[in-house]
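Q: Structure for this input, please:
(chains A and B)
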Amino acid sequence: MTEIAATSVPPTVVGRSLWGDAWARLKANRAAMISLCYLILMGLVCIVGPWFVPHQYTTIYSDYVRTPPSFSAYPKEEMIKTALDDVVRRMRVDVKDVKQDGGNLTITLTSSKPIDERYLRYLDRSDTFDGAQILSKSPEGNELVIGTTVRQAYFFFGTDNIGRDLLSRTLVAGRISLAIGLLAGVVAVVIGVLYGATAGFAGGKVDEVMMRIVDVLYSLPFIFFVIMLVVFFGRNFVLMFLAVGAVLWLDMARIVRGQALSIRRQEYVQAAEALGVGQRGILLRHVIPNLLGPVVIYMTLLVPQVIILESFLSFLGLGVQEPMTSWGVLISAGAKNIGTANWLLLFPAFFLVSTLFALNFVGDGLRDALDPKDR
Amino acid sequence: MLIYVFRRLLTAIPTLFVIVTLAFFLIRVAPGGPFNQERGLSPVIKANLEAQFGLNDPLWKQYLNYLNNLLHGSFGPSYNLPDFTVGELFWKGLPISVQLGASALILALILGSILGVVAALNQNKSADYAVIAVATAGSTIPTFVIAPLIQLVFGLSWKLLPIGGWGDGALINKIGPVLTLALPQIAIVARLMRGSMIESLRSHHIRTARALGLSDWSVVVKHALRGALLPIVSYAGPAAAALLTGSIVVETIFSIPGVGRYFVDAALNRDYTLVMGTVVVIAIFTILFNLIVDILYAVVDPRVRYD
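A: Have a look, this model is predicted:
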């Protein structure tokens, strides 16, 4: 076999590296590439997007509670009226006349008593009106003509139960969910690789004991483990990834151990040993590059698992806490309001599910690209 | 065979013991106690309660006590639902969870297998791609998204199903939860079945069967399917244990009074006995179904022998 290869391949041809080869095959996979682009786009939108949305994710617009999503500007005609009624009730005055001219309103207020001008503050304080000023005043002071502009606001995704913009909340939630997915994924991979590689290389009794420990942890109900970690660490946002990552390393450890064991027995490693290559050289040149493939594949499949787990915990109220938010928190709120405000469920659910899909396609694509058995 | 089953049941005892011990000490290490919640309990009452339940004894004594009670078949009283013993809670909730889980499992096994076989027989044709698409969707979308979507579409828009509730076990109340539980399982079973069926169809005995002129139906159903069932059987064991012990997401969203909720609530409230009860029940189910899987293995595949 080697003899044929040596004679038939011209020595000038530079072989493609494992990674170059994998990248070429990944590029040929349409679904994986589209998904990869989608993920990059999703990441960018979630990271950069909130700065371009005119609403903060924590700002509460009390005039816009459970506003349905719309591409046109709020407030709508009838909303101006209800908002005005609300303000006027607080000012304890009556409206005599309202004239609307584009975004400007001219309101004539009357009252049995002279109207305190400081009441105008109520207009500015509402989310609908802005820049209220007195145009004219009756001599007794109980009739007031005021001009005000209507504050325009866009809620493309609508607003939630207490009047926060869902678009900015969904994007900020995406930041959190993606960040937890990546960071917890890294935590799990680091623990798993170190543990598995140690067990695989040490072999013998050490390996035996280390893998028994993994078996015991496996046999505990998974959710029990997570909940115990949450109970210990408290509902702390940063510790959440540690908890999640610490739960998901078990598979990684097994995969890496198996790989390490099998690579150590490969003929090319024996050949390298026979040629006098040191332990370090073998580790760097042969073992680590061959371990990386499965680690990368598993990592891409781990990230969606972590995101689901985080969302699941947040769904149960154990994960990310208000006013911070994640897709799981939003979906949980949406599930409670499907009767009255289904957009609260649909938008976050779409973001979460489409991201999970894309991650899965990329993971499958990477597996096809990196799996040596496929060649 | 009987000897094998007996031996397996014997080895289950130390496994259970390890799990119970681990869970007992883990939950005790967690800070707080069952009566420490912010409920403004007066210190005297709290002390009395703790004395009554023996929570002031040294931990090893409580542990031995618990084991003793367990051996006598008692899970002890629930701390946070004081009118019930843990046994009573499971007696009431478990049948509900088991009903839903079993229906979902059967549905998933039948439907998933059919889909998988159809996909395998039409490999790389449109039917295959359709099944793969369904399987990808089913295994990607989390249950806490599927459940409210089912409520939204079937409950609110089309008004076919009730949005939630158990309704004393009326059939119509079970459809939503069972569908939610079954969908991800259908996806996994279909995927497994497709893979193992493709492999099975390629094997020598199938080629022989075809060469002998057996009909397609007989080749697929009598010969190929049997060989392809093994991965499904080994998957079904742990899946059954997980499904029958209740799903917290499904039971919360559909307001089902099953046992799925107990575990999380109990762990958060440090309801020690209820946590332990849940762990024991889940462990028993897991051990039992693993045993059933191994027995079924021998039934499906005559090469497997336990002598």
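Q: list the contacts for residue B:250?
A: Residues near residue B:250 by C-beta atoms under 8 Å, 6 or more residues apart in numbering or on different chains: B:100, B:143, B:147, B:177, B:180, B:181, B:256, B:260. Using the backbone N, CA and C atoms, a C-beta is placed for each residue, glycine as well.
Q: if we go to 7 Å?
A: If you count contacts by C-beta atoms under 7 Å, 6 or more residues apart in numbering or on different chains, residue B:250 has them with B:143, B:147, B:177, B:180, B:181, B:256, B:260.
Q: filter those down to the ones close to chain A.
A: Applying C-beta under 7 Å from any C-beta of the partner chain, the subset of the contacts of residue B:250 adjacent to chain A is empty.
Q: Nearest to residue A:42 among those?
A: Distance to residue A:42, by C-beta to C-beta, is smallest for residue B:143 among the contacts of residue B:250, at 22.4 Å.
Q: for the residue most central in space within chain B, helix, strand, or coil?
A: Central residue of chain B (C-alpha atoms, centre = their mean): residue B:242, 1.7 Å from the mean position. Put simply, residue B:242 is helix when judged by DSSP: H, G, I helix; E, B strand; the rest coil.
Q: Name the residues of the stretch 201-350 of chain A found near chain B, please.
A: So far as C-beta under 7 Å from any C-beta goes, the stretch 201-350 of chain A lies against chain B at A:219-221, A:223-224, A:227-228, A:231-232, A:308, A:311-312, A:315-316, A:331, A:334-335, A:338-339, A:342, A:345, A:349.
Q: and the residue in chain A that chain B sits nearest to, helix, strand or coil?
A: Closest contact between chain A and chain B, by C-beta to the nearest C-beta, is at residue A:335 (3.9 Å). Here residue A:335 is helix, with the state taken from three-state DSSP.
Q: before we move on, the earlier item: now neighbour count too, for the contacts of residue B:250, in JSON lines please.
A: Listed next are the contacts of residue B:250 as JSON lines, based on neighbours: other C-beta atoms under 10 Å in any protein chain shown:
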{"residue": "B:143", "neighbour count": "19"}
{"residue": "B:147", "neighbour count": "25"}
{"residue": "B:177", "neighbour count": "29"}
{"residue": "B:180", "neighbour count": "25"}
{"residue": "B:181", "neighbour count": "27"}
{"residue": "B:256", "neighbour count": "26"}
{"residue": "B:260", "neighbour count": "23"}
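Q: so where's the stretch 101-250 of chain A uncertain?
A: A:219-222, A:234-240 (pLDDT under 70).
Q: at 50 instead, please
A: Residue ranges of the stretch 101-250 of chain A with pLDDT under 50: none are present.
Q: What are the boundaries of the strands in it?
A: With DSSP state E, counting those that start in this stretch, the ranges of strands along the stretch 101-250 of chain A come out as A:104-110, A:129-137, A:143-150.
Q: Return the most buried member of those.
A: Comparing the strands of the stretch 101-250 of chain A by mean neighbour count (mean count of other C-beta atoms under 10 Å in any protein chain shown), strand A:143-150 ranks first with a mean of 19.
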